[in-house]
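S.K.: Whatever this is, show me its structure:
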Amino acid sequence: MKIGMVGTGGFSRMHAAIFTDMTDVRFQAVCGTSQEKAAAFAAEYGDANGYDNVTQMLDQEKLDAVYICVPPFAHGDVEQQLIERGIPFLVEKPLAVNLKVPNEITVSLQKKNVITSVGYHFRYRDTVASLKKELETCTVGMVTGGWMGSMPLVPWWRNRDTSGGQFVEQTTHLIDLVRYTLGEVEEVHAVEANRIMADLHKNVTVADIGSAILKMKSGVLVQLSNTCLLPHGVLEIGLHYFHSGGIAKIDQAGLTKCTSSMEVKEKDSVNPYVRENEAFLHAVQTGDTSRILSSYEDAFRTQEVTDAIMKSVESKKTVQLGGN
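M.R.: Have a look, this model is predicted:
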């Protein structure tokens, strides 16, 4: 299989390191924001061809699949060109800054069936599979958690127009995990505020603290918070599920199950990014999409929730989600 890449950042490197280690996979081409960046990236992984124009890359190369690893504001044209050409793609989250571009892409996918995968890699964790099994045997009352860390200092991240803000760009992973384990969201109410980051750095238009209440269609209440004002290297990401059998906590270290009689800790045995890549490339090779756990259409629903959160912040009102 001949694979193309759009983007030359950290996630592009992570995916390239994984699929170039697989058999029957060739890294054929990469497109960056400049020819120099693309050539430098290509040189790290063998003899891939470098481009600074997506259309040119797609015209000159015969690609079996393409990875899209670009900032939120850069989505749209690449996906549409791939759909038009019938080329499968794996796109990193989030799908965009808001719903406009994902809406257009979803319409295009309804007209032309193309294999897609979205980088919600938490779904591929062994501990998440165990968590889902645990929750099947009990009644969940509520969930609390958050994404607490530092601010990525790339200029596009601190600008709400180009990143969407922390709920859209980072906490989307937890929102997607909530959907994956508990079903769809019925309504949201959210607030954000600015504490210190706008004073510490130039051109900061994203909030540095925020909190949202999600009411699930099942009746479960979910409280999610996030902050990007912590010092670099200080990080806490995870969810606590409070249910009729006890407490289940999932974080970066693994899964902890607490009951009245015991505490059990589990860890992931397989890198979820590897499993995600294997599922996507298996689908490209065979047409079997059953191992892909997040298609574009499914990820669109997660994007709907993050978009509703931002609308709630702006309006200071509860926002209803429909059609889920």
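S.K.: For the spatially most central residue of the chain, which three-state class applies?
M.R.: Compute the mean C-alpha point of the chain, and by Cα atoms, centre = their mean the closest residue is residue 93, 3.2 Å away. Three-state assignment for residue 93 (DSSP: H, G, I helix; E, B strand; the rest coil): coil.
S.K.: if I pick it, what's in contact with it?
M.R.: 118, 119, 120, 172, 173, 176, 299, 302 (Cβ atoms under 8 Å, 6 or more residues apart in numbering). Where C-beta positions appear, they are placed from N, C-alpha and C, glycine not excepted.
S.K.: mind putting those residues in CSV, pLDDT, secondary structure and distance to residue 55 included?
M.R.: Listed next are the contacts of residue 93 as CSV, based on pLDDT from 0 to 100; DSSP: H, G, I helix; E, B strand; the rest coil; distance: Cβ to Cβ, whole Å:
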residue, pLDDT, secondary structure, distance to residue 55
118, 98, strand, 23
119, 98, coil, 24
120, 98, coil, 28
172, 98, helix, 29
173, 98, helix, 31
176, 98, helix, 31
299, 98, helix, 25
302, 98, helix, 29
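S.K.: Just the helices from this protein, written as ranges.
M.R.: Here the chain has its helices, by DSSP state H, at 10-19, 35-44, 54-60, 77-85, 100-111, 126-135, 155-158, 160-163, 166-169, 172-182, 197-200, 272-286, 296-315.
S.K.: so which of the ones you listed comes closest to residue 252?
M.R.: Distances from residue 252 to each of the helices of the chain were compared using Cβ to Cβ; the minimum, 10.2 Å, belongs to helix 126-135.
S.K.: what's in contact with the closest one?
M.R.: By Cβ under 8 Å, 6+ apart, the list of residues contacting helix 126-135 from outside reads 122, 177, 180-182, 241, 243, 245, 248, 250, 254-255, 257, 266-270.
S.K.: Would you format the contacts of residue 93 as TSV with neighbour count and distance to residue 151 included?
M.R.: Listed next are the contacts of residue 93 as TSV, based on neighbours: other Cβ atoms under 10 Å; distance: Cβ to Cβ, whole Å:
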residue	neighbour count	distance to residue 151
118	28	24
119	25	21
120	24	22
172	24	16
173	19	17
176	25	22
299	24	24
302	25	22
